[in-house]
Every structure is written in C-alpha cells, then in structure tokens.
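Novice: Here is my input, please return the structure:
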Amino acid sequence: MECVSCANITNKYKCSKCLAPYCSLGCYKSHKGTTQCEEIARAQEATRLQQQPGKHVTEEEPTVYAPFSTEDTIQPSLLQKLDNYEPLRQLLYNPHLRSLLKQIDVAHNANLTMTAAMQEPLFVEFANACLQVVEPMTDEERAELQLSS
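Specialist: Purely as a prediction, here's the structure:
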C-alpha cells in the first residue's frame, strides 16, 4: 500500500480516522488535517450507518469491534475482567511489551507477527496472564503442570 502523503510503499501505520496508510509521523501530521481524510471518514461512517439502520455506533479504533464470531471469540464480560486484573496491568507498564502489541496490531500478517512475539518471554508472560482470566486452569491442569515442572 502507498503512503497517503508521500506515496512510499508501506504497511506500517493506518490513520485512525479514515484507515489510509502512512509511513511516518510527519506524513500522518500532514494527512490528518486534510479534507481528503475528512471526506473518506465521512463516507465510511455513512456506509456503516446505512449497513446498520437505527444503530449509531461510534468507534474510536478500527480494531475495537469483532467483525465475526468464532469458537475462539472471548465474551465481552471476560474481556472486561482483563481491565481489572492487576498482574496484567503491571505487565502493560513495560514499554517493550506495548511495542510488541502495537506491532501485532498494525502487522500485515498478524499470524506471523504473533508467532514471532511468542518467542519473547515477556509476551508469553502477557499471554499467560490473559489466559488466567479468560480461560483459568482447572485443578487437574494445575496438578499436571506441577508434575511436569
């Protein structure tokens, strides 16, 4: 994809308003105040409202909503518990972990990026903390883990 400002090939970032690709902070700053950005954002909002009559949903980020549900989809109530889980909050203070999460979020191939992140002990610790909340271990699983340790 081409950067919306300088036309360099990039997959690095996307405008949170209109989803146009950009390659640097400078390009984003020059793009965000343009009428092009506003027009694209308005057109996307109009399309979204036409597809959902009667619903006026405001999204802050394009990755906030779940486009489809699978057997692995986590229920919103469990996701809300993550917000209050203190060990997870402590991990998120780490700038390296936040950087890894941002890389995954903007990655063109999220599966490949996730596989690479799973090689990082800090990311594995983060993933385990999330799993403790959304899919806690049974007593049998805990006992098996202690035996293998």
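Novice: quick one: the strands in the protein?
Specialist: 13-14, 21-22 (DSSP state E).
Novice: Direction included, what does the last one pair up with?
Specialist: Sheet pairing for strand 21-22, assigned by DSSP bridges, gives strand 13-14 (antiparallel).
Novice: Please report the distance of residue 19 from residue 13.
Specialist: Taking C-beta to C-beta, to the nearest Å as the measure, residue 19 falls 10 Å from residue 13. Bear in mind the C-beta positions are built from the backbone N, C-alpha and C, glycine included.
Novice: more crowded one of these two?
Specialist: Neighbour totals were compared for residue 19 and residue 13, and residue 13 leads with 17 against 13 (other C-beta atoms under 10 Å).
Novice: Could you check the pLDDT of the more buried one?
Specialist: Looking at residue 13, its pLDDT stands at 81.
Novice: now the one 3 residues further on
Specialist: The model reports residue 16 with a pLDDT of 75.
Novice: I'd like to know how many residues surround it.
Specialist: That count, for residue 16 with other C-beta under 10 Å as the rule, works out to 14.
Novice: Identify the residue nearest the geometric centre of this structure.
Specialist: residue 105 (4.2 Å; C-alpha atoms, centre = their mean).
Novice: can you give me the offset of the least confident helix or strand in the chain by mean pLDDT from its chain's centre?
Specialist: The least trusted helix or strand in the chain, going by mean pLDDT, DSSP states H and E, turns out to be helix 35-51, with a mean of 73. Relative to its parent chain, helix 35-51 has a centroid offset of 22 Å by C-alpha atoms, centre = their mean, to the nearest Å.
Novice: Check which helices and strands that helix is in contact with.
Specialist: Helices and strands touching helix 35-51, as assessed by 3 or more C-beta pairs under 8 Å, 6 or more residues apart in numbering; DSSP states H and E, are absent.
Novice: Mind listing what's buried along that helix?
Specialist: Residues 37, 40, 41, 45 are the ones in helix 35-51 that count as buried (16 or more other C-beta atoms under 10 Å).
Novice: Equivalent analysis for stretch 130-138, please.
Specialist: Across stretch 130-138, burial judged by 16+ other C-beta under 10 Å covers 130, 133.
Novice: For residue 114, which residues are in contact?
Specialist: Shown in contact with residue 114 (C-beta atoms under 8 Å, 6 or more residues apart in numbering): residue 104.
Novice: Okay, it and residue 128: tell me how far apart.
Specialist: 15 Å.
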